[in-house]
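Return atomic coordinates for the entry below.
(4 chains)
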Amino acid sequence: MNEAKPIKAESTRSIVPRLTWLDGLFWVTAIAIFVDLYLIFLWVPKEAIQGNVQRIFYFHLPAAWIAYLAFFLVFLFGIFHLKTRNPKWDHYAYSAAELGVVFTSVTIVTGIIWAKPIFGVWWVWDARLTTTALLWLVYVGYLMVGAYAVSGDKASRLRSAVGILGFAVVPINYLSVSLWDTVHIEPIVIGGDDTFLSADMRLTLYFSLATFTALFVFLLVVRIMLRESEAAVEELDQERETALS
Amino acid sequence: MEDNFGYLLAGFSIGWALFMGLAYWTYRKVMRVRQDIDDLKRARNPRPEDG
Amino acid sequence: MEHPAIEARGLSRSYGRVKAISNLGLTIAPGEKVVLIGPNGSGKTTLIKLLSTLIRPTSGTLKLFGKDTASHGAQLRRRVGVLLHEPLLYNRLTALENLQFYSKMFNVPNEDRRIWELAEEMEIGDLLKTRVDSLSHGQRKRVSILRALLHDPPILLLDEPDAGLDQTAVQGLVKLVSRNGRTVVMSTHNLESGLSMAQRVIVLKKGKVIMDVDREVLDGANLDLGYEALVTG
Amino acid sequence: MSYWRSIATIVRKDLLVELRGKEIILSVSFFVFLMVFIFNFAFKPGTIPLEVMTPGVLWFTFLFAGMLSFQRVVSTEQENGCLDGLMLCPHGRDVIFVAKTISSFLFVLVVEVISLPFFAVVFNLSFFPVELLLIIPLATFGISIIGTLLAALSMNTRLREVMLPILLIPLVVPVVIAAVESTGNALSGEGWASVQPWIWVMVIFDIVFLVIGLLTFEHVIEE
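Prediction:
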C-alpha cells in the first residue's frame, strides 16, 4: 500500500483567521460584564434585611437559570441524537453538559457563600439548592461517560439517554425534596422569585441574566467548535491508521 | 455610597477581565485549529480513493 | 409483479469512521440460493446482520418482500431465520427449553411436534434434554440452526454455518437448507460447501459487491484462481 | 395480546434461568445479610433511636442489592450473544426492556421478602405496617426501571462495572427519599395520611421513567 504522504501544513492564508459573529458577541459580552459588575456592586441599592451579602444573589440566580438552560439543551440534543444518530448532536450535548456543570458549580458555591452569613451553616437542604446539587451529580456522571470515549457510538448514545433521564428527574427531585425539606426559608433569601425585588433590583437581575446568557452562548459555541475539532482529529488519526495498515 | 465597594469592584473587574481575555485567546486558537484541520482534510481527500 | 425477497439500494453501514458496507445494491428473488464469499473484514457478517434487521443501515434502503426494514422491522423478523457465529442459546437451560422459548416467541403452532420433527431430521434428537453448556461447539451450532428454522422462515440467513461443523453435519445442513422454496443467503469461507448449495455467487470486498454471477458461468476451477486474484487485488 | 405474551415468555425464561443457577437470589440475599451486620457495627444499637435508623439502613441495603441484581439479570443475555437472539424475535425492542425490568423487579422483591424477617429480628420491629406492602413494591419497581435501563445500555461498552452505581444513584434519589420517609412514617405508626404523599411521588417517578425507558431503549440498545 502506498505510504501516506507527509502533510506539510504550510498555510497560504493570513495568519489571523477571519473575524466572525462570535467576535461581535465577545465584545458585547465583555462590555456587558463590566456594566453588570458596576450595577451589582455600586448601583443597586443595598437589600434592607441582609445588607450587602444579598448582592451575591445577582450572580447566584442567573447562574442557576443558565445551568437549567444548559441541561435543557442537553436533554433536547440527546433526543435529537437518539433520533437522528448524527454525532453532531452528541458534540452539542456534551459541550452544553460541560458548561452546565460549570454553571451549576457556580450556583452551588454562591449558594454556600450566601447561606453561611445568613444561617451560620455552610449547606442548607433547601429544595432548590438540593435539586441543583442532584443535577450536578447526574451530569458529572454524564461527563464521566464522555471521558471514556469521544466518538464511541454506543457510549455517545448511552450519554444521550443519561442526559434525557437526568433532566427528566428535575421536576420529581424538586417535588420530593420540597416535601422532605425541613428548613423553611422564605423565598427571597436563596434564589427567590423576583416579585419582592424593587425596580432597580429587578433591572440588575435581568441585566445580569442577559450578560450570563451571552457569556453562555459564546462559551458554548467555542466549546462545540473545540469538541468537533477533537472528533475530527480522532477521525484523521483513524484514517491515517487505516491508510498506513 | 457609605461602604465603598470600589476595592471589590476592582478585584472582580480584574478577575473577569483575565477570564474574558483567556476566553478570547482560546476562541482564536480554536478558530486556528479548525482551519488547520480543514487544510489537512483538503490535503488528504483529493487523493484518489484507492481500492 | 411479485416483490423480490431481498432488495437493497445504496446500502451502507459504518462503525465510527470505518465503512463496513459502502453503497451496496442487491436484489435476490424468492427461492434463490446465494452464497457470499470474501476475505475477512469484507463486510459479510455486517451484511447478514443488516439483512436480519439486527442493525440499522447508516444510509440507503433495505426492503424484504417489498416492505422497508426501517418501518416494518418487527413484522419482517417473523419471516427471517438467522444463524450467527454465536449460538444465541442460554447456557443453563437445556436445548429443548431454549427451543421451546424461541418457538413461543415466534408463536410456532404445536411447537413440541415441530421441534422433535426438526431434531430428528438434524439427528440431534438425543441432545435435546442436555444443558447447552455441556454441548460441544458443533452440537450447539446444530441446535442454533434448528432455532433458526423453527418458525419455517421464507428467508434464511446463515453466517458461516460451516465454521466448526464436521463434513457430515455440513451435508445435513446443505440438504436441509436447499429443500423447498426458501430464500437462502449464506456467507462462508470455504468454496466447496458454498458452491454445493448456491446457484448464485457474490464476492464481497471492502463492503462492495465486486462479482455477482451464476454458478454455471464459473466452474469450480477458474473460480478458485479468479477468487484469489480478485481478493488479493 | 402478543405484546404481553412475549413479555411473559421472556420473564418466565429469566425465572427458569435463575432457578437453575439460583445465582442472583442467593448471593444478593447473603449480601443483604452482611450489610445488616456491618450497619450494626457501624451504629452501636441504642445510640440512635431505631425508628430513625431502620428505614435508612433498610433502603440503603435494598438499593445496593438491586444494583447487584440488575447487572446479573442483564449479563445472562450476554453469554452466547443471547441479546441478539432477543432482538431477532418478531416484536419491538421495548418488549425486552419491559421484560427485563419485570424480571429484575421480581428478583429484588424476592431478596427483600427473604431479608425482611431478618431486619425485623435485628432491629426488633414489633409489627409489620401494612403500608409497606405498597411502599416496597413501588420503590423497588422505580429503582428497577432505571437500573435495568442503565445496565442494558452500558452492557457491551467498557463502562459496565463502574458506570452503573455512578449513574444510577443520583437518578433514584427522589424514590429513595420517598421510600425512606414513608417507611419511617409507617414504622412509627403514623398511618396512611402521612405515607400517602410519598406514594404519589413514587407513582409519578415510576410512570415517568417507564415512559422514558420505553422511548429511549430501542434507540440505544441497537448496535
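
could you list every residue that touches the spatially most central residue of chain A?
With distances taken as Cα atoms, centre = their mean, A:Gly100 lies nearest the centre of chain A, 2.4 Å away. Counting by Cβ atoms under 8 Å, 6 or more residues apart in numbering or on different chains, A:Gly100 makes contact with A:67, A:70-71, A:73-74, A:135, A:139. Bear in mind the C-beta positions are built from the backbone N, C-alpha and C, glycine included.

what about 7 Å?
Applying Cβ atoms under 7 Å, 6 or more residues apart in numbering or on different chains to A:Gly100 gives the contacts A:67, A:70-71, A:74, A:139.

which SS state does C:His85 fall under?
coil (DSSP: H, G, I helix; E, B strand; the rest coil).

In strands only, show me the contacts of A:Gly100.
Among the contacts of A:Gly100, DSSP state E puts none in strands.

Closest one of those to A:Thr20?
Using Cβ to Cβ, A:Ala70 comes nearest to A:Thr20 of the contacts of A:Gly100, at 22.3 Å.

if I read this right, the closest one contacts A:Phe103, doesn't it?
Yes: taking contacts as Cβ atoms under 7 Å, A:Ala70 lies within contact range of A:Phe103: 6.1 Å.

what's the pLDDT at the closest residue to the residue nearest to the centre of chain A other than its chain neighbours?
Nearest non-adjacent residue to A:Gly100, counting by Cβ to Cβ, 6 or more residues apart in numbering or on different chains: A:Ala70, 3.3 Å away. pLDDT for A:Ala70: 95.

residues contacting A:Ala70?
A:Ala70 sits in contact with A:96, A:99-100, A:103, A:216, where contact means Cβ under 7 Å, 6+ apart.

how does it look with 10 Å?
Neighbour list for A:Ala70: A:95-104, A:135, A:139, A:216, A:219-220 [criterion: Cβ atoms under 10 Å, 6 or more residues apart in numbering or on different chains].

I'd say A:Ser198 and A:Pro45 touch.
Yes: in this structure, A:Ser198 is within contact of A:Pro45 by Cβ atoms under 10 Å, at 7.0 Å.

Can you pick out the residue with more neighbours from these two?
Between A:Ser198 and A:Pro45, counting by other Cβ atoms under 10 Å in any protein chain shown, A:Ser198 is the more crowded of the two (12 against 9).

Tell me how far the more buried one lies from D:Leu171.
From A:Ser198 over to D:Leu171 the distance is 40 Å, taken as Cβ to Cβ, to the nearest Å.

D:Phe119: neighbour count?
Using other Cβ under 10 Å, D:Phe119 is surrounded by 18 other residues.

what about the helix or strand containing it and chain C, touching?
Taking DSSP states H and E as the definition, D:Phe119 sits inside helix D:94-122. Yes: using Cβ under 10 Å from any Cβ of the partner chain, helix D:94-122 reaches chain C at D:Val95.

any residue of that helix up close to chain A?
No: Helix D:94-122 is not in contact with chain A by Cβ under 10 Å from any Cβ; minimum separation 11.4 Å.

Next secondary structure after that helix?
Remark: after helix D:94-122, the chain's next helix or strand is helix D:132-153, criterion DSSP H and E.

quick check, distance from that following helix to the centre of its chain.
Put simply, helix D:132-153 sits 4 Å off its chain's centre (Cα atoms, centre = their mean, to the nearest Å).

still on that earlier bit, mind picking the two most distant members of the contacts of A:Gly100?
Comparing every pair within those by Cβ to Cβ identifies A:Ala67 and A:Val74 as the most remote, at 10.7 Å.

list residues touching both of those two?
In contact with both A:Ala67 and A:Val74: A:99-100, A:139, using Cβ under 10 Å, 6+ apart.

now these in JSON lines, with pLDDT?
Shown next, in JSON lines, are the shared contacts of A:Ala67 and A:Val74 (pLDDT from 0 to 100):
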{"residue": "A:Leu99", "pLDDT": "95"}
{"residue": "A:Gly100", "pLDDT": "94"}
{"residue": "A:Tyr139", "pLDDT": "92"}
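
Over to C:Ile37: give its phi and psi.
Note on C:Ile37: backbone dihedrals following degrees, to the nearest 10 are phi -120, psi 150.

how many neighbours does it have?
For C:Ile37, the count of nearby residues is 25 (other Cβ under 10 Å).

Quick check: the residue of chain D found nearest chain B vs C:Ile55, distance?
In chain D, the residue that lies nearest chain B is D:Glu223 (24.9 Å; Cβ to the nearest Cβ). Distance, D:Glu223 to C:Ile55, using Cβ to Cβ: 4 Å.

Please enumerate the shared neighbours of those two.
Joint contacts of D:Glu223 and C:Ile55 (Cβ under 10 Å, 6+ apart) are C:13, C:15, C:46, C:49, D:84, D:87.

Quick check: the two most widely separated of those?
C:Tyr15 and D:Met87 (17.2 Å).

Looking only at neighbour counts, state which of the two leads.
With neighbours defined as other Cβ under 10 Å, C:Tyr15 and D:Met87 compare such that D:Met87 has more, 24 against 12.

so what's A:Arg18 up against?
Going by Cβ under 10 Å, 6+ apart, A:Arg18 touches B:31, B:35.

whoops, I mixed them up, D:Leu16
Neighbour list for D:Leu16: C:90, C:92-93, C:97, C:100-101 [criterion: Cβ under 10 Å, 6+ apart].

same thing with D:Ile207?
D:142, D:145.

Mind doing that once more with 8 Å?
D:Ile207 makes no contacts at all, as judged by Cβ under 8 Å, 6+ apart.

Give me the pLDDT value at it.
We have a pLDDT of 94 for D:Ile207.

count of neighbours near D:Asn80?
21.

do the same with A:Tyr94
Neighbour count of A:Tyr94, defined by other Cβ under 10 Å: 27.

got a list of what A:Ser178 touches?
Contacts of A:Ser178 by Cβ under 8 Å, 6+ apart are A:Ala127.

how about the residues of chain D that lie near chain A?
D:146, D:149-150, D:153-154, D:156-159, D:163, D:166-167, D:169-171, D:173-175, D:177-178, D:181, D:197-198, D:201, D:204-205, D:208-209, D:212, D:216, D:219-220, D:223 (Cβ under 8 Å from any Cβ of the partner chain).

Show me those that map onto strands.
Residues of those located in strands (DSSP E): none.

Just the buried ones out of the residues you listed, please.
The neighbour-count test (16 or more other Cβ atoms under 10 Å in any protein chain shown) marks D:146, D:149-150, D:153-154, D:157, D:159, D:163, D:166-167, D:169-171, D:173-175, D:177-178, D:181, D:198, D:201, D:204-205, D:208-209, D:212, D:216, D:219-220 as buried among these.

is stretch D:83-90 anywhere near chain C?
Yes: counting by Cβ under 8 Å from any Cβ, chain C is contacted by stretch D:83-90 at D:84-85, D:87-90.

Which of those fall within helices?
Among the residues of stretch D:83-90 next to chain C, the ones falling in helices (DSSP state H) are D:84-85, D:87.

Quick one: those residues as a markdown table, columns for pLDDT too.
Below are these laid out as a markdown table (pLDDT from 0 to 100):
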| residue | pLDDT |
| --- | --- |
| D:Asp84 | 91 |
| D:Gly85 | 91 |
| D:Met87 | 92 |
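
rewinding a little: for the residues of stretch D:83-90 next to chain C, which one is nearest C:Val184?
D:Leu88 (16.6 Å).
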